[in-house]
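1. Following is a predicted model, sequence given first.
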Amino acid sequence: MNPERHFSSPSGRVLTVAAALVALVVLVGVAADGGVHALAHVGAIPVLAAAVVWALYWRPEVVVSDGGVTVANPLRTTHVPWPTFVGVDTRWSLVVRTTDGEVTAWAAPRASGTARRVGRRPGAEERTVRGASAETVALEITGRHATLAAAGHLEGAHEIAAAHGMRPARRWDVPVVSTLGALAVLAVLGLALA
């Protein structure tokens with residue numbers, strides 16, 4: 001068995017930490033200037049902003065495992081079992097094609113032209129942080145699929161999946177959606193009651 005590989009955006013992590021620090025500074029400033037009363041009215045706004053940045057840039061990832069490909073986007077997660085996998089596309093971002101449609105990965109945009117040229121230089125692979133460009137993740141996905149197919153693990157997989165109605169599993173990430181929704185309601189109420 002091969003280990004799971006997780007791909008996310010390193011720059012998204014930096015942006016999220018920066019947003020959290022800005023939110024903290026704003027909260028401290030509001031509390032120092034207006035006390036608890038002001039914090040109750042506008043405190044949810046910087047927290048909501050930091051949570052939105054987290055959902056958009058920290059949370060998204062693509063996980064490649066022997067069981068399939070899992071694409072975690074800001075509000076939804078889709079698990080694509082290998083028997084439902086058809087292929088990948090990297091035209092604009094990573095798109096996983098399945099027997100039930102396509103799944104676009106928020107965490108894996110296409111690399112810029114400069115990044116692609118730098119990636120072609122000899123020795124560039126050692127200097128590159130394992131990131132989440134669409135091309136990098138696509139190579140991992142197709143490589144893992146080829147390894148499993150060569151070992152005979154996927155023989156007749158499409159037919160078995162079709163016979164048993166196997167489909168990619170899509171789900172809303174209820175904790176993320178409900179947290180963002182609750183913070184939005186608190187922000188609106190705080191402003192309305194100010």
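-> Noted; the coordinates are in hand.

2. mind checking how far the residue nearest the centre of the chain is from L148?
-> By Cα atoms, centre = their mean, the chain has its centre lying nearest to P60, at 1.4 Å. From P60 across to L148, the span is 25 Å (Cβ to Cβ, to the nearest Å). C-beta coordinates here come from the backbone N, C-alpha and C atoms, glycine included.

3. Any stretches of the chain with poor pLDDT?
-> In the predicted model of the chain, residues 111-132 satisfy pLDDT under 70.

4. quick one: the helices in it?
-> 10-42, 44-53, 113-120, 124-127, 134-150, 157-164, 174-192 (DSSP state H).

5. what's the most buried one of these?
-> helix 44-53 (a mean of 20; mean count of other Cβ atoms under 10 Å).

6. what about the longest strand in the chain?
-> Longest strand in the chain by number of residues, with DSSP state E as the criterion: strand 101-109.

7. what lines up beside that strand in the sheet?
-> Strand 101-109 sits in its sheet next to strand 93-98 (antiparallel), going by DSSP bridges.

8. which of the residues in the strand it pairs with are buried?
-> The neighbour-count check on strand 93-98 (16 or more other Cβ atoms under 10 Å) flags S93, L94, V95, V96, T98 as buried.

9. Report the beta-bridge partners for the last one.
-> Legend: beta-bridge partners of T98 under DSSP bridges are F85, G101.

10. ok, now H79?
-> T70, A169.

11. Would you quantify the distance from V86 to A161?
-> Taking Cβ to Cβ, one finds V86 at 11 Å from A161.

12. shared neighbours of those two, which are they?
-> Residues touching both V86 and A161 (Cβ atoms under 8 Å, 6 or more residues apart in numbering) are T99.

13. Pull up the distance across stretch 1-18, start to finish.
-> 38 Å (Cα to Cα, to the nearest Å).

14. let me redo that: stretch 162-171
-> Criterion Cα to Cα; first-to-last residue distance in stretch 162-171 is 21 Å.

15. List the contacts of stretch 76-91.
-> 67-71, 94-100, 102-103, 110, 134-135, 138, 141-142, 145, 148, 153-154, 157-158, 160-161, 166-173.

16. Please spell out which residues along it are buried.
-> Buried-residue list, stretch 76-91, by 16+ other Cβ under 10 Å: T77, T78, H79, V80, P81, W82, P83, T84, F85, V88, T90.

17. which one of those residues is nearest N2?
-> Nearest to N2, judged by Cβ to Cβ, of the buried residues of stretch 76-91 is W82 at 12.4 Å.

18. Now do that closest one against V137, distance only.
-> 16 Å.

19. what does stretch 27-38 rub up against?
-> So stretch 27-38 is contacted by L39, V42, G43, P46, V47 (Cβ under 8 Å, 6+ apart).

20. correct me, but the fourth one touches V26?
-> Yes. Look at P46 against V26 with Cβ atoms under 8 Å: they come within range, at 4.2 Å.

21. Just list the residues touching the nearest residue to P60 once chain neighbours are set aside, thanks.
-> Spatially, and ignoring its direct neighbours in sequence, P60 is nearest to A107 (3.6 Å; Cβ to Cβ, 6 or more residues apart in numbering). A107 is in contact with F7, S8, S9, G12, P60, E61, V62, V71, A72, N73, L94, A132, counting by Cβ under 8 Å, 6+ apart.
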